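J.: Below is the sequence, then the predicted model.
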Amino acid sequence: RATALNGDALSSVGDDQATTERAMGWGVDFAQAMRQAHEAGTLPCGADAWQKHWLPLLGFDITAINFYSIPFNLRDFVATFGRFRAEAFAAQPAVADGAKLRILGTIPDRPVPDKRHRLALFCSHPTAHGHGLPHILWWLTCLDRRKFEPILVLRQLPENIVLIERLLQRYPQLTDFAPIIIVNDANLAQLAAYDFDLLYNFDDICRGRSERPGYTRLAKRQVTAFYTPATTGATAMDSFITSTALDPITTDAFTEKVVLTDGLPFCFHYESYFGVKPYWAQRDRDIPPDAVIYTMGSSMLTKVRPEFIDALLAILQQVPNSICVAMPSSRPKDRLHLTEVILRKCAATGVAPERIRFYPITSRGLLHGLLNVSDIFLDFFPFSGTNNLMDPLATATPCVTLCPNPGYSRNRIGGTILRQLGLGELVTETIDDYVKLAVTLGQDAARRQALKARMGRAVLEDGPLCDGPAFVARMEDAFATMLATEEKAARYG
């Protein structure tokens, strides 16, 4: 059955990098073979099966997010399935409901000639600020109006209708800064009538059916950035903004044209992201006072790979008085394949499995509470942390991260964040050095205490990761460079 195959079926937490790479290759070969069978008229169940089953499966269910946890170039993979996704969207257009766009404020007619660039700030989740998702208030208050005419475009989805209305109620003066267009997928194409020079999409384009804006021409130029931690494969996405710190090698790594910023292409809104009050927490009574507690992030069920488990067990072997606190957002019994891999590896290395304790996370307040009683945070690899890493930085829990060189943004984001905060000594480039540093920190309480003094919420709030005006200035420069290059190419051919 077609529905038995999806991206999750192609990779498992127990697969090493070589196995996952073979699965990716098999997925591409299988998809291309199905297309060839369709074009040759030999597809089982006839042409209807292609439209109803195979095309939606290949277009929407096999996405890059299943393969972020490997340190390989994903360009050819996402390009292949991006083409399938474009075909699937074309074959399944959004049902037109005849509704006009909801416009708040007034969108003026454009003068001729217009010295300003009309900029669409496109967002589906304006109240979410994880992964460095910029706050719209920064854009509306800091953008240089001599260069850009901003229009805020909020994409309405069933799950965010209430959130958008709450945002508008909380900030009733938004239209004093820019007009607002509220759009849904049924009337999405109507945006093209507003003659946008540039549409800046700060959604994460990696989840199949939610990606229609990345496959629909809405502006002369469409661009995204790190909120998608790899190239998108979206056929209407023209440019991808990154930096050399995140992506030292961009050749043949992107389906989009690469635009480099002088600094990071993301920023955290401090009040929104760190407005959580930590729960009070204490060590379990059976944990000795001198025990060293390692911990990891709450997205472990999507980021844990065999290589990380091997490194964790090597650390526990060399620090005998240590345990590891695992904080999954889902209960271990719901992920039997993960616990089975850990139990098998514990048996092979002689590490008692009870030294790895699971505490399911139900809120970020609880997450911060558990981090407060932990000694060292182990960042995942090869898909390192943004949210996962910012939380221990806020609680002043010393972190260890792996930042391979060369590598891609999803492998290097953790190291890039720490270096921005002047904590480069916590960044390693090999797994052996990662283990060595984690062991050294586990054996040196004084060094951990010294590191804690250089971390915490105040450091984040005053640091470059939360400097919204500087972020907007960087992105303005990237936009201007991109648009000037395009205009020059159009003028001289």
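T.: Great, that's in hand. Predicted model, so just to flag it, every value in this text is computed and none were measured. Numbering: from 1, shown residues only.
J.: now the end-to-end length of stretch 281-293.
T.: The first and final residues of stretch 281-293 sit 14 Å from each other (C-alpha to C-alpha, to the nearest Å).
J.: What of stretch 219-230?
T.: 22 Å.
J.: and the host helix or strand of Glu487, which residues are buried?
T.: In the assignment (DSSP states H and E), Glu487 maps to helix 468-492. By 16 or more other C-beta atoms under 10 Å, the buried positions in helix 468-492 come out as 468, 471-476, 478-479, 482-483, 486. In short, each C-beta sits where N, CA and C put it, glycine included.
J.: swap in stretch 403-415?
T.: 403-404, 407-415.
J.: Also stretch 115-125?
T.: 117-125.
J.: which secondary element of this protein has the worst mean pLDDT?
T.: Every helix and strand of the chain was ranked by mean pLDDT, DSSP states H and E. The lowest is helix 7-10, at a mean of 52.
J.: what's the next secondary structure element after that one?
T.: helix 17-40.
J.: what's that next one packed up against?
T.: Under the contact criterion of 3 or more C-beta pairs under 8 Å, 6 or more residues apart in numbering; DSSP states H and E, helix 17-40 touches helix 7-10, helix 75-91.
J.: Quick check: mean pLDDT of it?
T.: Per-region confidence: helix 17-40 scores 89 on mean pLDDT.
J.: Could you list the residues in contact with it?
T.: For helix 17-40, contacts defined as C-beta atoms under 8 Å, 6 or more residues apart in numbering pick out 10-11, 15, 43-44, 47, 50, 54, 58, 62, 67, 69-72, 76-77, 80-81, 84, 305, 307, 382.
J.: Looking at the helix or strand harbouring Thr416 now, give me its mean pLDDT.
T.: Using DSSP H and E, Thr416 maps to helix 409-420. Mean pLDDT, helix 409-420: 94.
J.: outside of it, which residues touch it?
T.: Around helix 409-420, the neighbours that count as contacts under C-beta under 8 Å, 6+ apart are 68, 71, 226, 229-230, 242, 245-248, 264, 379, 381-386, 388-390, 393, 399, 401-405, 424, 426-427, 463-465.
J.: Next step: those restricted to helices.
T.: 388-390, 393 (DSSP state H).
J.: still on that earlier bit, so among the contacts of helix 409-420, which ones count as buried?
T.: The neighbour count (16+ other C-beta under 10 Å) marks 68, 71, 226, 229-230, 242, 245-247, 264, 379, 381-386, 388-390, 393, 399, 401-404, 426-427, 465 as buried among those.
J.: picking up where we left off before, and the helices and strands packed on helix 17-40 as JSON lines, adding distance to Leu316 and mean neighbour count?
T.: JSON lines is the format used below for the helices and strands packed on helix 17-40 (distance: least, C-beta to C-beta, whole Å; neighbours: other C-beta atoms under 10 Å):
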{"stretch": "helix 7-10", "distance to Leu316": "29", "mean neighbour count": "16"}
{"stretch": "helix 75-91", "distance to Leu316": "34", "mean neighbour count": "20"}
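J.: out of those, which comes closest to Ala438?
T.: helix 7-10 (30.0 Å; C-beta to C-beta).
J.: how much space between the nearest residue to Leu191 once chain neighbours are set aside and Ala94?
T.: Leaving out its chain neighbours, the residue that sits closest to Leu191 by C-beta to C-beta, 6 or more residues apart in numbering is Leu218, at 4.5 Å. Leu218 is 13 Å from Ala94, where distance means C-beta to C-beta, to the nearest Å.
J.: can you check Cys123 too?
T.: Distance of Cys123 to Ala94, given as C-beta to C-beta: 18 Å.
J.: returning to that earlier point: can you flag which of the buried ones among the contacts of helix 409-420 belong to strands?
T.: Those of the buried ones among the contacts of helix 409-420 mapping onto strands are 242, 399, 401-402, 427, per DSSP state E.
J.: circling back to that earlier point, that's a helix at the residue nearest to Leu191, yeah?
T.: No. Secondary structure of Leu218 (DSSP: H, G, I helix; E, B strand; the rest coil): coil, not part of a helix.
J.: Can you name the residues that contact it?
T.: Contacts for Leu218 (C-beta under 8 Å, 6+ apart) come out as 120, 122, 188-189, 191-192, 196, 199, 236.
J.: Which entries within those residues meet the buried criterion?
T.: 120, 122, 188-189, 191, 196, 199, 236.
J.: quick one, helices of the stretch 51-200 of the chain?
T.: 55-56, 75-91, 136-142, 161-170, 174-177 (DSSP state H, counting those that start in this stretch).
J.: Ok, which of the ones you listed comes nearest Ala314?
T.: helix 75-91 (30.7 Å).
J.: neighbouring contacts of that closest one?
T.: 24, 27-28, 31-32, 35, 51, 55-56, 58-60, 62-64, 67, 208, 211-212, 215-216, 230-235, 252-255.
J.: Let me know how buried the closest residue to Val373 other than its chain neighbours is, in neighbour terms.
T.: In space, and not counting its chain neighbours, Val373 is closest to Ala281: 5.2 Å by C-beta to C-beta, 6+ apart. Around Ala281 there are 17 other residues, counting by other C-beta atoms under 10 Å.
J.: Thr216 too?
T.: Other residues lying near Thr216 total 21 when counted by other C-beta under 10 Å.
J.: on that earlier part again, now, of the contacts of helix 75-91, which are buried?
T.: 24, 27-28, 31, 35, 55-56, 58-60, 62-64, 67, 208, 211-212, 215-216, 230-235, 253-255.
J.: re the thing from before, and the helix holding Thr416, how far from the chain's centre?
T.: Relative to its chain's centre, helix 409-420 lies at 13 Å (C-alpha atoms, centre = their mean, to the nearest Å).
J.: Can I get it in CSV? Just the C-alpha atoms.
T.: Written as CSV, here are the backbone C-alpha positions of helix 409-420 (Å, rounded to 0.1, in the frame of the first residue of the first chain):
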residue,chain,number,x,y,z
SER,A,409,24.2,25.1,9.4
ARG,A,410,22.2,22.4,11.2
ASN,A,411,25.5,20.8,12.3
ARG,A,412,27.2,24.0,13.3
ILE,A,413,24.4,26.1,14.9
GLY,A,414,25.3,25.1,18.5
GLY,A,415,29.0,26.0,18.1
THR,A,416,28.1,29.3,16.4
ILE,A,417,25.8,30.3,19.2
LEU,A,418,28.4,29.6,21.9
ARG,A,419,31.1,31.5,20.0
GLN,A,420,28.9,34.5,19.7
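J.: ok and it relative to helix 387-394, angle-wise?
T.: Per axes from the mean of the first three to the mean of the last three C-alpha atoms, to 10 degrees, the angle that helix 409-420 makes with helix 387-394 is 10 degrees.
J.: Which residues are in contact with the nearest residue to Lys303 once chain neighbours are set aside?
T.: Excluding the flanking residues, the one nearest Lys303 by C-beta to C-beta, 6+ apart is Phe380, at 4.1 Å. When contacts are counted by C-beta under 8 Å, 6+ apart, Phe380 touches 69, 296-297, 299-300, 303-305, 308, 388.
J.: ok, back up a step: can I get the buried residues of helix 468-492 in JSON lines with pLDDT?
T.: Formatted as JSON lines, the buried residues of helix 468-492 follow (pLDDT from 0 to 100):
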{"residue": "Gly468", "pLDDT": "92"}
{"residue": "Phe471", "pLDDT": "94"}
{"residue": "Val472", "pLDDT": "94"}
{"residue": "Ala473", "pLDDT": "95"}
{"residue": "Arg474", "pLDDT": "94"}
{"residue": "Met475", "pLDDT": "94"}
{"residue": "Glu476", "pLDDT": "95"}
{"residue": "Ala478", "pLDDT": "94"}
{"residue": "Phe479", "pLDDT": "95"}
{"residue": "Met482", "pLDDT": "90"}
{"residue": "Leu483", "pLDDT": "89"}
{"residue": "Glu486", "pLDDT": "78"}
